[in-house]
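Participant: Can you look at this prediction? I've put the sequence above it.
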Amino acid sequence: MKLSINRKISITRQQLLCPEFLFVMIGYLFGLSLVFANPPFHSNDEDRHFYNSYFLSTGQIRPVQHENQIGGYLPSNLYNVSATFQGIPFYSGARIFPAKLKELKSVRLDESSTMFYDNPSYRTNPVPYLPYAAGILIARIVNSNPINLLWGARCAGLLAFLCIVFFAIRIMPVHKFLLFALALNPMTLYQAASVTYDAMSVSLSFLLVALALNYAFQERQIRVGQIVLFLFVAIVHCFAKPGYFLIPFVFFVIPQRNIGSMKKTVGLFFCLVLIGFLPDLIWGGYVSSLHLNGGKALCKDFVYGTREQWNSIARAPTSFLVHFLLNFIVQGKEWMIGAMGRLGYSYTHLNHTVLFFHGLALIALSGLDSSKALIISLRQKLILGCVSIGTIGFIAAAFFYGSPVGAHTIFGLQGRYFIPAMLPILLLNSNPMFRTAIWEKRKTLIVPLYASALLGYLVLFTASHFYYLP
Amino acid sequence: MNQTRPGSNQGTNSLQAKKLRALFPLILFVAAYLFFWSAPEIKLVDPWHEAFSQVNVAVNTRDPVLKQKLLDLGGGKLKELCAQYPYHARIHYMLGCYFEFTGQYDSAIVQAQEALRLGSGGTANRVDDIATNVLLSAKAKKEALIKK
């Protein structure tokens, strides 16, 4: 009897020290701190993502036409509270007074007075906003103040992120601590604790890689259920955010013997190609069928990425290629900083020295956290390399195409867009030769402590940079 | 003995080769990371920003010869770009600023109006508000000149 109790206790302790449980504990603690430490509506385009989530929570699933505008109806005071937090020049030392936040928290949501919001991102599909809409609905029961609704949405998004990554780490057969560190990377958690479709996109990218590696290293052939699960996750992932259609192709790290016949492999390849087009075919097709006219453009200072851009590239393809590659040298550092710690509306950087060493730590971790029994083969690394470098290249090329016609610099591309490609690219460094006995013994302590220290710094920095603290 | 010695050397060599091969991606990663982190300064600016910065430098230059040279360079380039990309509101705004600074108020008004026509109604990176400033300022300066 005593033995069995002891055994139970020891299992629980072991479970608590599993990377996935450690991840949830640390992610929950610091993620929740970020939900409240980060000023309301202040992450990248958070106001617009929140409006989309609000539309979904009130059943406004499809955009509607109102005179020459396209969008949906918002309570006027929700829009006004959100607008209070836009354009604050934090970069020149401006801060939010906690008293101001307290005052705005006393504003009750007045749904009787609505306004039409001309939504520049009305074509975005509602799938990535489902957790946020649920959060808004729950928060509304407690307190319908606009800031509370935002916090409710942020909490729900964070929980969805933590759940998805929890399962990803749990099923990841190798490099669990690399995934752990990437999911607790300051920028990843900052986005996860904000209202944005990045949280779903990043977590599902991690889950797809974990699923593929899990299937690759299992002893038997993959079952139909497992394929269906992978395809389902791939569909939701493609709906979460455009541009990452190559990530599901990590499926092909699974050896042929585990997939089965060649016919099955070819069939799955075409399924994944089709999945890449699904958001455009289904949601894009549906929005087009509504025949909406007008609407507000996001930027009108230049003409961005139209047929003119294509003509401009066709006239001088070499110059386009040279400028494209030069952008990686000129903006490479900014993108790396952006992937690790660029907060708010991307104007606020974490300390560059800290970020520099964090980047090196991630590279070191990618080597150290290898497994002796499960080795990622050269063929698998080639696929991971194609997926990650292809994703980075495609996103950069898409943004270059979407830049002002005739521009030499890539406009609007931020480093955080590369976070989903970080896991497959760092897996290229996997090698059992880097494993050491000390690392194996201490990794359960070292990585969580390191992540906690870094996230502690992130939370303190966020609170002190954006608020006047007494 | 003779047979084992070369064998063990081969074993050591192959282990070293394995270690080197294992280190190669790591070295590549670190080298690429360090390269991008401390990349050499390369001038990569959009042509309109380069031309406009020349006009801005000219505004703050006291040397009249250098001032004129920079204005000619920047203004000339902006005119070329305006002809090449007539649909970019911001280039019209920049050219409007150049004309206003060089006292060509009628041209400044035309360019600011074109910037307003093309660039009004955007949410981010707005150009209509600054183009309005140029328009009002050029009109006021023109009226003052007529009165004089």
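Facilitator: Good, I have the coordinates.

Participant: What is the burial count for the residue nearest to A:Leu355 when sequence neighbours are not counted?
Facilitator: Leaving aside its chain neighbours, A:Leu355 sits nearest to A:Met340 (4.8 Å; criterion: CB to CB, 6 or more residues apart in numbering or on different chains). All C-beta spots, glycine's among them, are computed from the backbone N, C-alpha and C. With neighbours defined by other CB atoms under 10 Å in any protein chain shown, the count for A:Met340 comes to 25.

Participant: ok, now A:Thr306?
Facilitator: Counted with other CB under 10 Å, A:Thr306 comes out at 13.

Participant: Repeat that for A:Leu281.
Facilitator: For A:Leu281, using other CB under 10 Å, the count is 11.

Participant: do the one 5 residues further on as well
Facilitator: Using other CB under 10 Å, the number of residues around A:Tyr286 comes to 12.

Participant: Domain map for chain B?
Facilitator: For chain B, automatic domain parsing gives the domain ranges B:1-42, B:47-147.

Participant: Just say which of these is most tucked in.
Facilitator: Ranked by mean neighbour count, the domains of chain B are led by domain B:47-147 with a mean of 18 (mean count of other CB atoms under 10 Å in any protein chain shown).

Participant: for chain B, which helix is longest?
Facilitator: helix B:4-37 (DSSP state H).

Participant: Run through the helices of the stretch 51-200 of chain A in chain order.
Facilitator: A:76-84, A:98-105, A:130-142, A:146-171, A:176-183, A:186-192, A:198-217 (DSSP state H, counting those that start in this stretch).

Participant: will you turn these into JSON lines that also has mean pLDDT?
Facilitator: As requested, those are exported to JSON lines (pLDDT from 0 to 100):
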{"stretch": "helix A:76-84", "mean pLDDT": "93"}
{"stretch": "helix A:98-105", "mean pLDDT": "89"}
{"stretch": "helix A:130-142", "mean pLDDT": "96"}
{"stretch": "helix A:146-171", "mean pLDDT": "97"}
{"stretch": "helix A:176-183", "mean pLDDT": "97"}
{"stretch": "helix A:186-192", "mean pLDDT": "97"}
{"stretch": "helix A:198-217", "mean pLDDT": "97"}
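
Participant: Dump the ones you listed to CSV, plus mean neighbour count and distance to B:Leu15.
Facilitator: Output for the helices of the stretch 51-200 of chain A, formatted as CSV (neighbours: other CB atoms under 10 Å in any protein chain shown; distance: least, CB to CB, whole Å):
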stretch, mean neighbour count, distance to B:Leu15
helix A:76-84, 18, 62
helix A:98-105, 13, 62
helix A:130-142, 19, 51
helix A:146-171, 23, 33
helix A:176-183, 25, 26
helix A:186-192, 26, 38
helix A:198-217, 25, 26
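
Participant: Name all residues that make contact with the nearest residue to A:Trp283 once chain neighbours are set aside.
Facilitator: In space, and not counting its chain neighbours, A:Trp283 is closest to A:Asn125: 3.9 Å by CB to CB, 6+ apart. Going by CB atoms under 8 Å, 6 or more residues apart in numbering or on different chains, A:Asn125 touches A:239, A:279, A:282-283.

Participant: which SS state does the residue nearest in space to the middle of chain B fall under?
Facilitator: By CA atoms, centre = their mean, chain B has its centre lying nearest to B:Val45, at 2.8 Å. Secondary structure, DSSP: H, G, I helix; E, B strand; the rest coil: B:Val45 is coil.

Participant: Break down the stretch 1-150 of chain A into its strands, ranges please.
Facilitator: Taking DSSP state E, counting those that start in this stretch as the test, the strands found in the stretch 1-150 of chain A are A:64-66, A:69-75, A:114-118.

Participant: of all these, which lies closest to A:Phe394?
Facilitator: A:Phe394 lies closest to strand A:69-75 among those, at 28.1 Å (CB to CB).

Participant: Can you flag the buried ones in the contacts of A:Asn125?
Facilitator: A:239, A:279, A:283 (16 or more other CB atoms under 10 Å in any protein chain shown).

Participant: now, which of those residues sits nearest chain B?
Facilitator: Using CB to the nearest CB, the shortest approach to chain B within the buried ones among the contacts of A:Asn125 belongs to A:Trp283, at 21.9 Å.

Participant: just for the chain, where's the confidence low?
Facilitator: In the absence of a named chain, chain A is used. Applying pLDDT under 70 to chain A flags residues A:1-13, A:470.

Participant: looking at chain B here, not the other one
Facilitator: Applying pLDDT under 70 to chain B flags residues B:1-11.

Participant: ok, which stretches of it are helices?
Facilitator: Under DSSP H, chain B gives helices at B:4-37, B:47-59, B:64-84, B:89-101, B:105-119, B:128-147.

Participant: For the third one, C-alpha coordinates in PDB please.
Facilitator: Spelled out, it's helix B:64-84. Only the C-alpha atoms of helix B:64-84 are listed here, as PDB (Å, rounded to 0.1, in the frame of the first residue of the first chain):
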ATOM      1  CA  PRO B  64      24.600  78.200 -51.700                       C
ATOM      2  CA  VAL B  65      26.600  76.300 -54.300                       C
ATOM      3  CA  LEU B  66      26.200  73.000 -52.500                       C
ATOM      4  CA  LYS B  67      22.500  73.800 -51.700                       C
ATOM      5  CA  GLN B  68      21.700  74.400 -55.400                       C
ATOM      6  CA  LYS B  69      23.600  71.200 -56.400                       C
ATOM      7  CA  LEU B  70      21.700  69.100 -53.900                       C
ATOM      8  CA  LEU B  71      18.400  70.700 -54.900                       C
ATOM      9  CA  ASP B  72      19.000  70.000 -58.600                       C
ATOM     10  CA  LEU B  73      20.000  66.400 -57.900                       C
ATOM     11  CA  GLY B  74      17.200  65.600 -55.500                       C
ATOM     12  CA  GLY B  75      14.500  67.600 -57.400                       C
ATOM     13  CA  GLY B  76      15.600  66.200 -60.800                       C
ATOM     14  CA  LYS B  77      15.400  62.700 -59.500                       C
ATOM     15  CA  LEU B  78      12.000  63.300 -57.900                       C
ATOM     16  CA  LYS B  79      10.700  64.600 -61.200                       C
ATOM     17  CA  GLU B  80      12.000  61.500 -63.000                       C
ATOM     18  CA  LEU B  81      10.400  59.300 -60.400                       C
ATOM     19  CA  CYS B  82       7.100  61.100 -60.600                       C
ATOM     20  CA  ALA B  83       7.000  60.500 -64.300                       C
ATOM     21  CA  GLN B  84       8.000  56.900 -63.900                       C
END
